[in-house]
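S.K.: any chance you can model this:
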Amino acid sequence: MDENKKPRTLADIFFQIVERDLPRVMMYEADHQWKTISSRDLYRRVMGVAVELRRRGVQKGDRVAILSENRPEWQIADFAILLTGAVTVPIYATLTGEQISFMLRHSGAKTAFVSTETQLKKLRSIEAHTAIESVLMMDAAEGGGAANGAANNVANNVTSMAAVMEAGPTERVAELDALREAIQPDDLATLIYTSGTTGVPKGVMLTHGNIASNLSVSLDEFDFAAGDDLAVSFLPLSHITARHVDFAELYRGVTIAYCPYLEDMVRIMRELQPTIFVAVPRVYEKIYNGVLQGVSKGFKKEVYRWAMSVGWAHMNQIVAGQRPRRLVWKLANALFFKKVLNAMGGKVRVFISGGAPLGRELAEWYAQIGLVVHEGYGLTETSPVIAVNSPRARKLGTVGKPLPNVQVHIAGDGELLVRGPSVFKGYWNMPDETAAAFEDDWFKTGDIAMMDTDGFLTITDRKKDLIKTSGGKFLAPQPIENSLKTNALVAEAAVIGERRRFPSAVIIPSFAALEAWAAQNGVSYSSRSELAADPKVQALYEEIVAQVNENLARFERMKKVFVAPMELSIEDGTLTPTLKLRRRNVEAMYKAQIDRMYADAESAVTAERA
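M.R.: The predicted model follows:
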């Protein structure tokens, strides 16, 4: 295997993984034990599935869906689809039948992989609205027969994926290996439907060349040890960030351990002690908030304050990649910093964040405790990485330097434009949307950006998320929201104020922390709605907002605060499947309360003037 040869297609990626001939490329949990998959096992299983797809008549360009949680079968199905020349359509396992129906219908997929009986039932319930004819199921089916006794194709054409994997060749087969040569960089590899913060999902068309060109350079400046490094795959593989990272890590010989359900992540991290940790900002926020809750009072609080002051004094050394040698830092590390790392298994040496802005305050907090989080940036349409901080070039508060094979340009209105081999072909069957996404050959990212003199890129906000007050002032909500979320009592925040006289904040409490605060401060309640409406709680969050306001320009300061009575969720549409805030949906959910809050403010101003 030529380690220096850059892959041209995802078929090249697969065969380079196989040619490493490692004893362990994947891990999964079964019967309360961790089991391994070698390079040879991976080849056998992928080829077994590829042969089955060909037997079913799956042709080059056909769309094949995957509806599953993270597990080895997800990756095996993906490779098998790609090797047949077909197109993978990944679908979030958390989506409703109605949402799935749109994607299946729009993509025209006729074959699907599903993980469990639950996902199969979901698929059966919408079969009449899709073109799905056959299914490969990862788990053993609990029983046959059509849903509600109806005769349908899905119920009568379900095949065990385990059986076809087991039937795969145990030795390399020249005829199957020739599949590699049939795949070309310009061939469509995947349709990824953007979860979107607004509007109808669009099917992003990414080619083999788009993704291969991106992952071949995105982690070049990270040192991974083939066969030794381990990462836990818990971000949904339906999202381009997680899928890209898994491809890139497998390509570099990193072992992937699969975590199907997020609630198992902490346990798995402690059991397996991974060396690489890739997460979205919301996961980093949850770790941070968990730490703050644990040191909220007593002696622990004093130790925390002292340790963080020590960390602040040594932060520049940490960011520069140096390990402080002073005794005071070693003591702070032993008493506090190391415990945070141990909660993640104790051996993580590479931390990466992507999928949404991390926020400078949060990045600095991690640096203070000795952990540098390498923030990156990209979009589904760019395969996805545009820029990333690396161990060799990093600056907190930025998303790093652009990759060497992409060009970036900042338009007159501040929008970031990008072009290069990783930029997508267009949106599936949406020519008008495709045309609108480009300015000549530059892709319009929709993000407002700045680049400093050292070449580091900073993303301010989404262009469509900029808030214009009735006074004509524009403000970027994301940095303000990130500042609010550094308080352990704030789980999520939405800054609002479009066409209003002033901005305000919708605060979604971290209810575990708030309930503990209520117990300490004599606040009684019978429900979360009653707790959120309590005058003491309102005053508490007004003070949190006031503290953030101190560092804002006058026109950015939030004058009103609404404390939401419940957490956000994917199910109610206030979070995307990648846990990003849907600000407009939050505002729509609480429209009546927000309108009343602004009306009361206007009445107060009128009364004061009178």
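
S.K.: give me the element Asp595 is part of.
M.R.: Using DSSP states H and E, Asp595 maps to helix 591-609.

S.K.: over to Arg44?
M.R.: Counting by DSSP H and E, Arg44 is found in helix 39-55.

S.K.: can you tell me the SS state at the closest residue to Met161 other than its chain neighbours?
M.R.: Distances taken as CB to CB, 6 or more residues apart in numbering put Leu136 closest to Met161, at 4.5 Å, once the chain neighbours are dropped. Bear in mind the C-beta positions are built from the backbone N, C-alpha and C, glycine included. Classification of Leu136 by DSSP: H, G, I helix; E, B strand; the rest coil places it in strand.

S.K.: ok, then the element right after the helix or strand of the chain with the lowest mean pLDDT?
M.R.: Of all helical and strand segments in the chain, the minimum by mean pLDDT, DSSP states H and E falls on helix 153-156, at a mean of 58. Sequence order places strand 158-160 as the next helix or strand after helix 153-156, per DSSP H and E.

S.K.: buried sites along that next one?
M.R.: Val158 (16 or more other CB atoms under 10 Å).

S.K.: right, and the helix or strand after that strand?
M.R.: By DSSP H and E, the next helix or strand past strand 158-160 is helix 161-166.

S.K.: from the chain's centroid, how far away is that next one?
M.R.: Here helix 161-166 is found 30 Å from its chain centre; the criterion is CA atoms, centre = their mean, to the nearest Å.

S.K.: same question for stretch 395-403.
M.R.: 18 Å.

S.K.: contact partners of that stretch?
M.R.: 214, 217-218, 319, 360, 363-364, 367, 374-377, 385-390, 393-394, 408, 418, 420, 422, 452, 454-459 (CB atoms under 8 Å, 6 or more residues apart in numbering).

S.K.: take those and keep only those in strands.
M.R.: Among those, DSSP state E puts 374-377, 385-388, 408, 418, 457-459 in strands.

S.K.: strands of the stretch 51-200 of the chain, start to end?
M.R.: In the stretch 51-200 of the chain, the segments counted as strands under DSSP state E, counting those that start in this stretch are 63-67, 87-91, 111-114, 134-137, 158-160, 188-193.

S.K.: returning to that earlier point: what's the helix holding Arg44 in contact with?
M.R.: 14, 17-23, 25-26, 37, 64, 76-77, 79-81, 83-84, 86, 111, 136, 159, 161, 164-170, 172-173, 176, 179.

S.K.: same thing with stretch 92-108?
M.R.: By CB under 8 Å, 6+ apart, the list of residues contacting stretch 92-108 reads 63, 65, 67-69, 89, 91, 112, 115, 119, 122-123, 125-126, 129-132, 191, 193, 195, 200-201, 203, 236, 238-239, 428-429, 570-571, 577.

S.K.: likewise for stretch 20-31?
M.R.: 1, 17, 34-40, 42, 71-72, 75, 226-227, 230, 250, 253, 255-258, 268, 272.

S.K.: and those residues, which of them are in strands?
M.R.: Counting by DSSP E, those contribute 34-37, 230, 255-258 to strands.

S.K.: which among these end up buried?
M.R.: Among the ones in strands among the contacts of stretch 20-31, those classed as buried by neighbour count (16+ other CB under 10 Å) are 37, 230, 255-258.

S.K.: state the pair within these that is farthest apart.
M.R.: Ile37 and Leu230 (13.4 Å; CB to CB).

S.K.: mean confidence (pLDDT) on stretch 507-515, please.
M.R.: Averaged over stretch 507-515, pLDDT sits at 95.

S.K.: for Ser504, list the residues it contacts.
M.R.: 495-497, 558-562, 594, 597-598.

S.K.: in helices, which of the residues you listed appear?
M.R.: Those of these mapping onto helices are 594, 597-598, per DSSP state H.

S.K.: so where is the stretch 301-450 of the chain shaky, pLDDT-wise?
M.R.: The stretch 301-450 of the chain contains no residues with pLDDT under 70.

S.K.: quick one: the strands in it?
M.R.: Counting by DSSP E, counting those that start in this stretch, the strands of the stretch 301-450 of the chain are 350-353, 373-378, 385-388, 401-402, 407-410, 415-419, 426-427, 438-439, 442-451.

S.K.: just put the ones you listed in JSON lines and tack on distance to Leu95.
M.R.: Below are the strands of the stretch 301-450 of the chain laid out as JSON lines (distance: least, CB to CB, whole Å):
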{"stretch": "strand 350-353", "distance to Leu95": "24"}
{"stretch": "strand 373-378", "distance to Leu95": "23"}
{"stretch": "strand 385-388", "distance to Leu95": "25"}
{"stretch": "strand 401-402", "distance to Leu95": "33"}
{"stretch": "strand 407-410", "distance to Leu95": "33"}
{"stretch": "strand 415-419", "distance to Leu95": "29"}
{"stretch": "strand 426-427", "distance to Leu95": "19"}
{"stretch": "strand 438-439", "distance to Leu95": "29"}
{"stretch": "strand 442-451", "distance to Leu95": "23"}
